[in-house]
Structure formats: C-alpha cells, structure tokens
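A.B. asks: give me a 3D structure for the following:
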Amino acid sequence: MKKAFLFLCVLSLSISCSKDSDVDPVLEIGYPRQWVFTTDVSDPFDPSVPEYTYIYTTKYAMFRDDIQKSYPIDDLVDEKHCLFYVSETSAGTGKTAYTIQLDSDRSRFLGVGLSSNKKEVHLTIAKGLEVIVVGNPSYFQSPDGDEDEENFYKFYIHKMPDENGVTTVAIESVEMPGWYISDSPPGFNYAANVVTLESQVSLAHAPKWQCRAAK
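C.D. replies: Residues are numbered from 1 along each chain as shown. Now for the predicted structure:
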C-alpha cells in the first residue's frame, strides 16, 4: 500500500516542510467525542435557504450529502450513518492523533486511500482488527493495528475558529501530511458525492468541518 502512495507522499513531504512543525494539532476539549461533520453550503436553486453538507457512510464507502439546517440533527443520525466516534490514539509522530469510527459500528474506521485511477485521494472506511482480551470484552483497533509506521487510519484534528458558535476543525491525514478531508467533488470517473481529500500548503486554507453533537 505504501508503494502506491509514493508520489503523493513525496508531495506531502514538500508541503509539510513548509508548515510550522512545532504546532501540535491536538484539540483540547476532551475525548472521546461523538460528532456529525458538516460544512455550510448554499442551495443553488434558492440561496436564501440555509443548508449544510454532511459526511455519511454506507459502511463500505464514504459520501457527502446536503440537507437544510432546519432538519433536526437527531433525525438525521437516526436515518443515516453520519455520527462518528473520535478518540485519541498513538501515531509515533510525537503529536496527538485520532481515530474516527462509525459510532453505531465501532469496528469501522475511517482512513485514506488512492482512487482506483491513482490520481485522487479518497476517504475510505474499513473494518478494524478485533483484539481478544482474556477475561474482558474484546475491542477493535484500527486496520493498521498498533504499527506506528502506517497511519492510513489516523488523523490530526486541528482546532479552527468556531463558526456560529459551533466547534470547527480541519482534519488532516497522519500518513499524508498536508492532505485534508474535503467537501470538494471527485473527478468525473466517480460518484459526485464521494468524499475526497485535498492538499493545502497552509492550515489556514484547509477545508473546515463543524462538529455537531446529537442528543
């Protein structure tokens, strides 16, 4: 898998070298957290109707969709797999990293991977590794396991200025520094609502996601 990422990793290295390496991306608000990730968007047919884009999964792929802000977030969580469990993990980088799991099925971890044409980076989801503990309930860890050399299923979460009083973050791949979860559409070869990652030379220009809690 690492070989497939070689050309992107080289690009990521050049991007990360231009950033402040002393900045720890820890978001100090207490973990774990359960969030729906949204970003503001305008209805192209009626800009006066406030909407946001949210991330959801089928448990096998990651997608985006738009919904009016007036729609209850709790109802959305009941209808879509869009509530994610965010917790701290180790990445062997000296910085605090996080795993993002589907809250309703915490065996499923979000990760990053090349598109089938090897020209884009997409957000993925995969089943983690079950850990059996004698005398205690089993649990799941990311598909990378506890190997610090591979961090495809780990992220940095950067605290950004709140938007309308809502906690707002940028979500960066640990394995591919400088690549952030985005609301940008993929190329024409893929469904228009597939979730992609985009590269940015500066955190200030990274895509931002609002973190909404369900009751």
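A.B. asks: residue with max distance from the center of the chain?
C.D. replies: For the chain, the largest distance from the centre (CA atoms, centre = their mean) belongs to Gly135, which lies 33.5 Å off.
A.B. asks: any idea how far that one lies from Phe84?
C.D. replies: 30 Å (CB to CB, to the nearest Å). Just so you know, the C-beta spots here come from the backbone N, C-alpha and C atoms, and that holds for glycine as well.
A.B. asks: could you do Asp46 as well?
C.D. replies: 29 Å.
A.B. asks: so between those two, which is more surrounded?
C.D. replies: Between Asp46 and Phe84, counted using other CB atoms under 10 Å, Phe84 has the larger neighbour count: 23 against 8.
A.B. asks: excluding covalently adjacent residues, which one is nearest to that one?
C.D. replies: Ile100 (5.1 Å; CB to CB, 6 or more residues apart in numbering).
A.B. asks: neighbours of Tyr60, just the number please.
C.D. replies: Using other CB under 10 Å, Tyr60 has 10 other residues around it.
A.B. asks: what does His205 give?
C.D. replies: Quick note: His205 (other CB under 10 Å) scores 11 neighbours.
A.B. asks: same deal with Thr39?
C.D. replies: Neighbour number of Thr39 under other CB under 10 Å is 18.
A.B. asks: what does Ser87 give?
C.D. replies: By other CB under 10 Å, 13 other residues sit near Ser87.
A.B. asks: partners of the one helix or strand it maps to, with directions?
C.D. replies: For Ser87, the host element (DSSP states H and E) is strand 84-89. Taking DSSP bridges as the criterion, strand 84-89 forms sheet pairs with strand 33-42 (antiparallel), strand 97-102 (antiparallel).
A.B. asks: ok so, going back, shouldn't the residue farthest from the centre of the chain be within a helix?
C.D. replies: No. If the criterion is DSSP: H, G, I helix; E, B strand; the rest coil, then Gly135 is coil and not within a helix.
A.B. asks: still on that earlier bit, quick one: mean pLDDT for the strand holding Ser87?
C.D. replies: Strand 84-89 shows a mean pLDDT of 94.
A.B. asks: list the contacts of it.
C.D. replies: Residues from elsewhere that reach strand 84-89 (CB atoms under 8 Å, 6 or more residues apart in numbering): 31-37, 55, 96-103, 106, 110, 142, 154, 157.
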